[in-house]
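S.K.: quick check, what structure comes out for this input:
(2 chains)
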Amino acid sequence: MNWATLNLMPALPELFLLSAVLVLLVIDMLLDDERRGVLYGLSLATLAGCAAMQYLAWTPVPVETFQKMFVADPLSGVIKFFLYGVTAAVLIYTRQYVADRQMFKGEYFTLTLFALLGMNVMVSASHFMTLYIGLELLSLALYALIALRRDSVPATEAAMKYFVLGALASGLLLYGMSMVYGATGSLDIATIARVIASGNGNTVLLVFGLVFLVAGLCFKLGAVPFHMWVPDVYQGAPTAITLMIGSAPKLAAFVFLTRILGQGMEALLSQWQGMLMIVAVLSMALGNLTAIVQTNIKRMLAYSTISHMGFLLVGFLTGNAEGMSSAMYYAIIYVLMSLAAFGVLLALSRAGFECEKVADLKGLNQRNSWYAFLMLLAMFSMAGIPPLAGFYAKFAVIRAAANAGMVPLAVFAVLMSLIGAFYYLRVVKAMYFDDAEEDAAIEVRADMRLVLSLNGLALLALGVLPQQLVALCMTAVKQSLTSL
Amino acid sequence: MDMKTLLLLIALAPLAGSIVAGLFGWAIGRRAAHVVTIAGVAVSAILSLKVLSGFVFGHAPVFNEPVYTWLTVNGNTYSVGFQIDALSALMMAVVTSVSLMVHIYTIGYMQEDPGYQRFFSYISLFTFSMLMLVMSNNFIQLFFGWEAVGLVSYLLIGFWFKRPTAIFANLKAFLVNRVGDFGFLLGIGLILAYFGGSLEYRDVFAMAPQLAAKTIELIPGHAWSLMSVTCVLLFVGAMGKSAQFPLHVWLPDSMEGPTPISALIHAATMVTAGIFMVARMSPLFELSDTALNFIMIIGSITALFMGFLGVVQNDIKRVVAYSTLSQLGYMTVALGASAYSVAVFHVMTHAFFKALLFLAAGSVIMGMHHDQDMRNMGGLRKYMPITWLTSLVGSLALIGTPFFAGFYSKDSIIEAVNQSQLPAAGFASFALTASVFVTALYSFRMYFMVFHGKERWKLNVHEHEADAHDEDEHHHGLGPNDNPHESPWVVTLPLVLLAIPSVVIGYLAVGPLVYGDFFNGAVVIDAIKHPALLHLGEEFHGATAMALESLRSLPLWLAAAGVLAAWIGYMKAPQLPDAIRRRINGVYVLLVNKYYLDELYFAVFAKGSRWLGNAFWKIGDMLLIDGLLVNGSAAMVASISRLTRRLQTGFIYSYAATMILGVLALMTYWFAPLILR
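M.R.: Residues are numbered from 1 along each chain as shown, chains lettered A, B, ... in the order given. Presented below is the predicted three-dimensional model:
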């Protein structure tokens, strides 16, 4: 390796993040329990620093480094900015929750930041190897986070399930990668794409590998039939960790999908399009239908996530710039929505009380109308009711599908969003039309109150004025996937 | 100021007043609310008179331009536009000047009402809507204005919305008008379909002669003349709005609203919209004798039979209301006789004297402390001299006393019908002549009962009958020891101002308006087929001569007989009406019950539609939509949900197995064909 010509600039944020996490680890050892709050501040500072580095490293055209294993392009840049923001929001939302549950330890912060590093690597990977390393870094951090409360039976069970099934999925993914390697002789995404496009690849091997890749990817997204872990993990994990699993990793997974299928296997569009279509249809149907009968709101949101991933795939599987950018928009909006929804749940939970039943939200409007309103925004947005961001996101993916000639799929998506509206509205009904069963005061830290409010209002703002973000997604997708 | 700005100002000034009074009335207070609305209407009235004078004293050019493009569909443009010719200019002047009088009068009449600002807002809004209706140059705007005046009428009839009778009345007006408007809309639809796609009067009228002989088969096998069907449908709209038999039933009930709006909307302006519309559409109606005959029959029935009902009413406002119905019948008959100018002339004179009569009735009601029953009145002339004199002027004008306004228009109508050669003219002529007597009878019955005779409120402690309609909740009626007193100047001033045209406008205007060339171009008459007005013009030798000639004609003596009969029955021999009533009890009961039309409508249409609605609700909504579609699909979704939920066993091996099966399935579908190939 020629160190002299190595360009570290594209990886600047990641290098900063890694160094910062290591520093945090050392600082953590020097702190006693009362002063653990320092880590919270330092973690947020690290995220701000990452964002600053990201700004410095911004590039309008793809720049590769580390022997073409790592790439900085607008797609990764935009997504990373959102990753920092979302991670910061997660830390802010969960601050009180973890403190109340003896999880306010150094590991909580370092694991979270390691997960972020894993996501960053995934997002910027241009090689199957880096992709996989990033994915494992993320996954291992998440397994550990779920099990952070060793003495909690549901949490350890969830961690175990996630770990075993995640290992299985990783196996499938690796198997698929090795097949692709066998067919094309390379692990570099650009090379793979070139070989497949030239027709020199072994199609039988490629399709064989593709099936495994799709299976692995769908596991990460939590799409049917690789979704089984989602409800159990969402429910079993502490709400703080559920929020972490349900937010930022979905953005990373979207880029993961884009890198492998959109960039590497683009020439096999006709093959994976059909597979993803089945997965999308199943996800929307099963996610929405099963969510209806859930009484646990975390579990309900898990099924809701499954259906959202189905919608995301509806946009993605068109394989064109419009569809991909609409899927990216959908991913971003989805993350904002689930942040807001889980944020309110976290705000309502307190020491000794977990807000996790739909019934726990009864009469929230009487108790605190502002949080009820924020939850209403999140629910309406998830249900796809105008003028909230979720409406525009659904509209965009469905329009992309219809424009690509997949009218039956678009119609099906519309029908499913209709069914989905039911269970979101049930939450709204509980908040506004049922009588409160308890009147415990809702105490929320000022920083969380501010960020949560901004989060909720962003759903409204992005629904009314989606153009900026839509244009940003379009630019990112077009400039990063040069073949589009 | 160019014409366009001027016209926009005329239309929009009342709207501005309405918005200010309606939306900010709570903030600016009562005084400011009436100042701003009266200012708006005054501006509009002065400018309208200026526009009218351009047509009266000189030949102002016709203004016909769009002012705002609303939408363009398939190459057809629909715009807001104004067509200002003699017809619309005259209507604008009448509408705005009567409206101005009513605005001023309202200050006195509504001074204690909590809805003061709201009321001013509504009547200004009405003025705006009515102006848009008459100024329109296309059917769309006409229809919008038509519906807008209907809406304000609905709001004002139910102005005292806490009173069940008012709510019943406004709902009734609304529903009956829907019947008319449905026909109107169908008529406009036919025009849109067959007249080249444009809805501008200009284009439609230009197309009309080519389509005179066209037939359409709405029911296969029955070819009908397009023009007749269109005109009859349009006239059905006019029947609703102008309260023609059998769609007249809403007008008497509309008296539930405050008296100023009875004068403005239900006597002077809105109810004449139908007359105006037919006059405006004269190029179409002239092409269909069927429609003209139909119009004449309907008008005659309304004129005569509604007059009869006026004779048996005891509520002062209802007498005037039935009188209005009867006079609207006169106007309609004039339309049928192709004497459009005469009809519009009668619209104008009637607007003044009927508004006068209504406002005078309102003044009497105020004097009587909101008692409307004429049986409790009498001898009021002593206490309310201005109201008495102006009422007398109004009544004389109404019954057609020579030289008064009503004489010229009414006599012209009767003459025109006599000259008409349509088959229906014979019946119409009889009905109109007979109702001259009836008009005189009920007018002077009211006049004598109210202003002459004994002061009856001192005699009897009045019983509150169901039909004694109370103007407001708190109190009504005079005690035996109270005396009525004259109304304040804001009430009497409009009476005097309206009395003046009620006397002179006919004398001044009959020559130019009816027999001159004032309406040339604005209305079209096929003089060969319908020469009535032409003949009339040949016999006309000036207004004075016309009045003198009438001394030899039947209508005048019938009117005199009517007055005499009223005097005998209600002054000289008060026991006589009771005696007559006993002798012809059957007829009396029929009249008091308004020919049982309300009962019929209620039994057939109201009950029928409720039955139909019930059936749709039970079968369509509850069974099919709710039961099968909504609840059925929900039940299906729920059962699927319960099923899919069971897939989630909680066991990790079944999860792993699902994943593997998923991979297998994908594999079988995509990979198997590849290797089998």
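
S.K.: burial count for residue 155?
M.R.: If you meant another chain, say so; for now it's chain A. 21 (other CB atoms under 10 Å in any protein chain shown). Any C-beta I mention is one placed from the backbone N, CA and C, and that applies to glycine too.

S.K.: sorry, should have said chain B
M.R.: Neighbours around residue B:155, by other CB under 10 Å: 19.

S.K.: give the other helices and strands that the helix or strand where it lies contacts.
M.R.: Element membership of residue B:155 [criterion: DSSP states H and E] is helix B:139-157. Under the contact criterion of 3 or more CB pairs under 8 Å, 6 or more residues apart in numbering or on different chains; DSSP states H and E, helix B:139-157 touches strand B:76-84, helix B:116-135, helix B:164-194, helix B:226-241, helix B:259-263, helix B:273-280.

S.K.: how about the second one: buried residues?
M.R.: Going by neighbour count (16 or more other CB atoms under 10 Å in any protein chain shown), the buried part of helix B:116-135 is B:116-135.

S.K.: pretty sure residue B:370 contacts residue B:478?
M.R.: No. With contact defined as CB atoms under 8 Å, residue B:370 does not count as touching residue B:478 (9.7 Å).

S.K.: can you list the residues of chain B near chain A?
M.R.: Residues of chain B that fall close to chain A, judged by CB under 8 Å from any CB of the partner chain: B:637-638, B:640-642, B:644-645, B:648, B:650, B:652, B:654-656, B:658-659, B:661-663, B:665-667, B:669-671, B:674-675.

S.K.: the same query, at a cut-off of 6 Å, please.
M.R.: Chain B comes close to chain A at residues B:637, B:640-641, B:644-645, B:648, B:652, B:655-656, B:658-659, B:662-663, B:666-667, B:670-671, B:674, as judged by CB under 6 Å from any CB of the partner chain.

S.K.: quick one: neighbours of the residue in the stretch 101-250 of chain B that chain A sits nearest to, just the number.
M.R.: Among the residues of the stretch 101-250 of chain B, residue B:144 lies closest to chain A, at 28.8 Å counting by CB to the nearest CB. When counting by other CB under 10 Å, one arrives at 17 neighbours for residue B:144.

S.K.: quick one, what contacts it?
M.R.: Not one residue lies near residue B:144 by CB atoms under 6 Å, 6 or more residues apart in numbering or on different chains.

S.K.: and it, how far is that from residue A:228?
M.R.: Going from residue B:144 to residue A:228 by CB to CB, to the nearest Å gives 61 Å.

S.K.: which residues of chain B fall in strands?
M.R.: Along chain B, counting by DSSP state E, strands occupy B:63-73, B:76-84, B:215-219, B:222-225.

S.K.: one more: the stretch 51-200 of chain A?
M.R.: A:63-65, A:70-72 (DSSP state E, counting those that start in this stretch).

S.K.: for the closest residue to residue B:458 other than its chain neighbours, give its distance to residue B:456.
M.R.: Nearest residue to residue B:458, sequence neighbours excluded (CB to CB, 6 or more residues apart in numbering or on different chains): residue B:480, at 4.9 Å. Look at residue B:480 and residue B:456: by CB to CB, they are 10 Å apart.

S.K.: please pick the buried ones from the residues of chain B next to chain A.
M.R.: Of those, these count as buried by 16+ other CB under 10 Å: B:637, B:640-641, B:644-645, B:648, B:652, B:655-656, B:658-659, B:662-663, B:666-667, B:670-671.

S.K.: could I get the contacting residues of residue A:283?
M.R.: Counted by CB under 6 Å, 6+ apart, residue A:283 has contacts A:223-224, A:306, A:309-310.

S.K.: of these, which one scores lowest on pLDDT?
M.R.: Within the contacts of residue A:283, pLDDT reaches its minimum at residue A:224, with 87.

S.K.: is that one in a helix, a strand, or coil?
M.R.: coil (DSSP: H, G, I helix; E, B strand; the rest coil).

S.K.: and stretch B:401-413, which residues are buried?
M.R.: Buried-residue list, stretch B:401-413, by 16+ other CB under 10 Å: B:401-413.

S.K.: I meant to write stretch A:456-473 there.
M.R.: In stretch A:456-473, counting by 16+ other CB under 10 Å, buried: A:456, A:458-459, A:461-463, A:466, A:469-470, A:472-473.

S.K.: one more: stretch B:183-192?
M.R.: So for stretch B:183-192, counting by 16+ other CB under 10 Å, buried means B:183-188, B:190-192.

S.K.: now swap in stretch A:295-303 and tell me
M.R.: Quick answer for stretch A:295-303 (16+ other CB under 10 Å): A:296-303.

S.K.: out of those residues, which are inside strands?
M.R.: Among the buried residues of stretch A:295-303, no member lies in strands (by DSSP E).

S.K.: out of the contacts of residue A:283, who's the most crowded?
M.R.: Counting by other CB under 10 Å, top hit in those: residue A:223 with 32 neighbours.

S.K.: was I right about it contacting residue A:278?
M.R.: No. Contact between residue A:223 and residue A:278 fails when scored by CB atoms under 6 Å: they sit 10.0 Å apart.

S.K.: so for the two, which residues contact both of them?
M.R.: Joint contacts of residue A:223 and residue A:278 (CB under 6 Å, 6+ apart) do not exist.

S.K.: which residue sits closest to residue A:242, ignoring its sequence neighbours?
M.R.: Residue A:242 sits nearest to residue A:234 (CB to CB, 6+ apart), 5.0 Å away.

S.K.: do residue B:401 as well
M.R.: residue B:407 (5.8 Å).

S.K.: likewise for residue A:147?
M.R.: Per CB to CB, 6+ apart, closest to residue A:147 is residue A:159, 3.7 Å.

S.K.: please list all residues in contact with the one you found.
M.R.: Residue A:159 neighbours (CB under 6 Å, 6+ apart): A:143, A:146-147.

S.K.: against residue B:402, how distant is the closest residue to residue B:113 other than its chain neighbours?
M.R.: Leaving aside its sequence neighbours, residue B:113 sits nearest to residue B:119 (CB to CB, 6+ apart; 6.8 Å). Noted for residue B:119: a distance of 39 Å to residue B:402, by CB to CB.

S.K.: how about residue A:212?
M.R.: Residue A:212 is 107 Å from residue B:402, by CB to CB.

S.K.: what about the residue nearest in space to the middle of chain B, distance to residue A:130?
M.R.: Geometric centre of chain B, nearest residue: residue B:271, 2.3 Å, by CA atoms, centre = their mean. For residue B:271, the distance to residue A:130 equals 84 Å [CB to CB].

S.K.: and the residue in the stretch 301-450 of chain A that chain B sits nearest to, how many neighbours?
M.R.: Relative to chain B, the nearest point of the stretch 301-450 of chain A is residue A:419 (5.9 Å; CB to the nearest CB). By other CB under 10 Å, 21 other residues sit near residue A:419.
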